[in-house]
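Peer 1: Need the 3D shape of this:
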Amino acid sequence: MPTTTSPWGKAPDILAAAGIDDDPSFYGDFTGEAERAALTVPLLVKAAWAANDADAFAEIFTENGSELIGDDQINGREQIRSYMTEGFAGVFRGSQVIGWPLHVAFLDDEVALLVTGGGVLMAGDTALAPERELRSTWVIVKEAAGRLRLVSHQSSPIRG
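Peer 2: Residues are numbered from 1 along each chain as shown. Okay, here's the model as predicted:
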């Protein structure tokens, strides 16, 4: 019986192309191949952040992508790169992001909307501080099977 690949690609292949091991436990109840493919975007962000790699982080976004971190709205891939370069050299040095999927919706054949829970573990943190717990919304576009980009990412604090 022939197998078909999701038009969104296969999660293990997308992650392998970025040098990242797949983590099947991350996907939770979202087991569809397209869902798992879309959920690679937060995993790519997590890996770029853990490496404090502003270039890898920025390249996940579309050219005109947007990122809301705290009260800072950053527009465009190059501004995102600059902001994260400064952040990884300063306040975010040695930090990590953690997260888990809460909702996956495909708005059409080329756009996915994700909602995740999670937060930022600052350098030295062993647990997520309540004031750093976040809900995030992700708008992802499929450029081609296995080639996904982040159009918009917004994180909102759960408390305060």
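Peer 1: Pop out the phi and psi values for Phe30.
Peer 2: Here is the backbone geometry of Phe30 (degrees, to the nearest 10): phi -90, psi 90.
Peer 1: Count the neighbours of it for me.
Peer 2: 16 (other Cβ atoms under 10 Å). For the C-beta atoms, the positions are set from N, CA and C on the backbone; glycine is no exception.
Peer 1: if I look at it, how far off is Arg81?
Peer 2: 29 Å (Cβ to Cβ, to the nearest Å).
Peer 1: average pLDDT for the lengthiest helix in the chain?
Peer 2: In terms of residue count, the longest helix belonging to the chain (DSSP state H) is helix 77-89. Averaged over helix 77-89, pLDDT sits at 98.
Peer 1: beta partners of Trp138?
Peer 2: Here Trp138 sits in beta bridges with Leu114, His153, going by DSSP bridges.
Peer 1: Go ahead and confirm it touches Gly118.
Peer 2: No. With contacts defined as Cβ atoms under 8 Å, Trp138 does not count as touching Gly118, sitting 11.4 Å away.
Peer 1: Now stretch 62-77: buried residues?
Peer 2: Within stretch 62-77, the residues that qualify as buried are 62, 65-69, 74, 76-77, counting by 16 or more other Cβ atoms under 10 Å.
Peer 1: for the residue most central in space within the chain, phi and psi?
Peer 2: The C-alpha lying nearest the average C-alpha coordinate of the chain belongs to Pro42 (Cα atoms, centre = their mean; 2.3 Å). The phi/psi pair for Pro42 (degrees, to the nearest 10) reads phi -60, psi -30.
Peer 1: Check whether it really touches Trp138, as I assumed.
Peer 2: Yes. The pair Pro42 / Trp138 is scored as a contact, 6.7 Å apart, by Cβ under 8 Å.
Peer 1: and for those two, which residues touch both?
Peer 2: Common contacts of Pro42 and Trp138, defined by Cβ atoms under 8 Å, 6 or more residues apart in numbering, comprise 114, 116.
Peer 1: now the strands for the chain?
Peer 2: Secondary structure of the chain (DSSP state E): strands located at 61-69, 72-75, 96-108, 111-121, 133-144, 147-157.
Peer 1: Present those strands as TSV; the columns should include distance to Gly87.
Peer 2: Shown next, in TSV, are the strands of the chain (distance: least, Cβ to Cβ, whole Å):
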stretch	distance to Gly87
strand 61-69	8
strand 72-75	9
strand 96-108	12
strand 111-121	11
strand 133-144	15
strand 147-157	13
